[in-house]
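Novice: Sequence and computational prediction follow.
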Amino acid sequence: MKKLSLMICLVSVLLFGMSGCGHSEQERHRLSKQEKARLDSIDRASLKIGVMPTLDCLPVYLAYEDSLFLKQGVTVHLYRYNAQMDCDTAIARGRVEGTVTDLVRAARIEKKGVPLFYPVSTNLYWQLISNRKARVSELKQLSDKMIAITRHSATDYLADLAIDSAKPKYEVYRVQINDLNIRLSMLLNNEMDAMFLPEPYATRARMAQNVVLMDSRDKNINLGAIAFRSKLKSNRRRKDQINRFLTAYDIAVDSINKNGVRKYATLLKKYYNLDAHTIKSLPQLKYSHAMEPLQRDLQLSRKRAEKE
């Protein structure tokens, strides 16, 4: 009888425990849904910015990591992409409020019905770099060669300038390779004759003894920008967020110009996956406070978008 009573007690304890576990799992599930809803709410309220692993984004990364945005009273969430087209898709579909871009790509987005404004002109530039094994040391030797670009972008426009100026005997084939990591890998693995690369990808290509054929800075154009959706101007809260973003951006710019790009090795390793040798080889870049692009560059970009 005692054994039977003991067994009944044990079974009761087990059933209670199982019931308790089931309730605990439901509670955890309910809490996780609440937490997800809370995080979603925070994300919607934050200022979401599309960024790339390119050095024009360094002030944004610094402002984020040093809590400069938070100190200015704005919560910024960074959406990281490896291809400019992904950044542009994100802003076109409203996943982000702003993004780094180039003015040629941005003009195409506007043409498709998404008005943008540009409070920041960045120091983004591109170098056309040829594979050291392709035997291309000048632009006219691109005849019958393949160059990697992004369609309807600054690199597509720069390819026009390169080809028109050199007038190679045969056609130059443009290959769309959007992901910058894949693009550089194709150069280093001898799978592409030439390509347009921004920093720090251009530095890595030069370190491998590949040849610089053209530098966009020599063309007297500046096509890098940070763009925001124009409709945000009519939203008081969003407009205030953008102003605070720009204040933090300027503070980060001052720090980089004072200390130099290489001072931020931790950021360069985290966001760009650069080793110490590459960091030492980076050029000494200068950054400017937030200011709108020149009308010349905006008009050039919009004129090109109209032709496409």
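Specialist: That came through, no problem. Bear in mind the structure is a predicted one, so any value in this text is a computation, not a measurement.

Novice: going forward, measure contacts and count neighbours with C-alpha atoms only.
Specialist: Fine.

Novice: And residue 239, how far from residue 224?
Specialist: Residue 239 is 22 Å from residue 224, where distance means CA to CA, to the nearest Å.

Novice: So between these two, which is more surrounded?
Specialist: A direct count of neighbours by other CA atoms under 10 Å for residue 239 and residue 224 places residue 224 higher, at 24 against 15.

Novice: Do I have it right that residue 43 meets residue 77?
Specialist: Yes - with contact defined as CA atoms under 8 Å, residue 43 reaches residue 77; the gap is 7.3 Å.

Novice: out of these two, which sits in the busier spot?
Specialist: Applying other CA under 10 Å to residue 43 and residue 77 shows that residue 77 carries more neighbours, namely 18 against 14.

Novice: ok, and the closest non-adjacent residue to that one?
Specialist: In this structure, residue 77 finds its nearest non-sequential neighbour in residue 48, 4.8 Å apart by CA to CA, 6 or more residues apart in numbering.

Novice: what about that neighbour, helix or strand, and which?
Specialist: strand 47-51 (DSSP states H and E).

Novice: re earlier: tell me which residues touch the residue nearest to residue 77, please.
Specialist: The contact partners of residue 48, by CA atoms under 8 Å, 6 or more residues apart in numbering, come to 76-79, 95-98.

Novice: switch the cut-off to 6 Å
Specialist: With contacts defined as CA atoms under 6 Å, 6 or more residues apart in numbering, residue 48 is in contact with 76-78, 96-97.

Novice: helices or strands next to the strand or helix carrying residue 266 in the packing?
Specialist: Following DSSP H and E, one finds residue 266 within helix 265-272. For helix 265-272, there is no helix or strand it packs on, judged by 3 or more CA pairs under 6 Å, 6 or more residues apart in numbering; DSSP states H and E.

Novice: before we move on, the earlier item: cross-reference the contacts of residue 48 with the strands and report the matches.
Specialist: 76-78 (DSSP state E).

Novice: and residue 164, what element?
Specialist: helix 154-166.

Novice: Surely residue 272 and residue 52 touch.
Specialist: No - the pair residue 272 / residue 52 is not scored as a contact, 9.1 Å apart, by CA atoms under 6 Å.

Novice: Would you mark the buried spots in stretch 122-139?
Specialist: Under the neighbour-count criterion of 16 or more other CA atoms under 10 Å, stretch 122-139 has 122-132, 134, 136-137, 139 buried.

Novice: Between those residues, which sits nearest residue 293?
Specialist: residue 122 (8.4 Å; CA to CA).

Novice: I'd like the distance between that closest one and residue 166.
Specialist: 28 Å.

Novice: what's the helix or strand for residue 247?
Specialist: helix 236-259.

Novice: tell me the mean pLDDT for that helix?
Specialist: On average, the pLDDT along helix 236-259 is 98.

Novice: That helix vs strand 47-51, what angle?
Specialist: Using axes from the mean of the first three to the mean of the last three CA atoms, to 10 degrees, the inter-axis angle of helix 236-259 relative to strand 47-51 is 50 degrees.

Novice: And helix 236-259, what's buried?
Specialist: Neighbour counts using 16+ other CA under 10 Å place 238, 241-242, 244-256 of helix 236-259 among the buried residues.

Novice: Just give me the residue right at the centre of this structure.
Specialist: With the centre of the chain defined as its mean C-alpha position, the nearest residue by CA atoms, centre = their mean is residue 52, 1.7 Å away.

Novice: isn't it right up against residue 78?
Specialist: No - counting by CA under 6 Å, residue 52 stays clear of residue 78, with 9.7 Å between them.

Novice: follow-up on the earlier one: out of the buried residues of helix 236-259, which two sit at the greatest distance?
Specialist: Most distant of these, by CA to CA, are 238 and 256, 26.8 Å apart.

Novice: quick revisit: relative to the strand holding residue 48, what are the paired strands and their orientations?
Specialist: Paired neighbours of strand 47-51 in the sheet (DSSP bridges): strand 76-80 (parallel), strand 98-102 (parallel).

Novice: Hey, what's the angle from the first one to helix 265-272? Just curious.
Specialist: Just to be clear, that refers to strand 76-80. Going by the same axes, to 10 degrees, strand 76-80 makes 60 degrees with helix 265-272.

Novice: Tell me the buried residues in strand 76-80?
Specialist: Within strand 76-80, the residues scored as buried using 16+ other CA under 10 Å are 76-79.

Novice: And these, which is closest to residue 304?
Specialist: Checking the buried residues of strand 76-80 against residue 304 by CA to CA gives residue 79 as the nearest, at 28.1 Å.

Novice: Return the per-residue confidence for that closest one.
Specialist: Looking at residue 79, its pLDDT reads 98.
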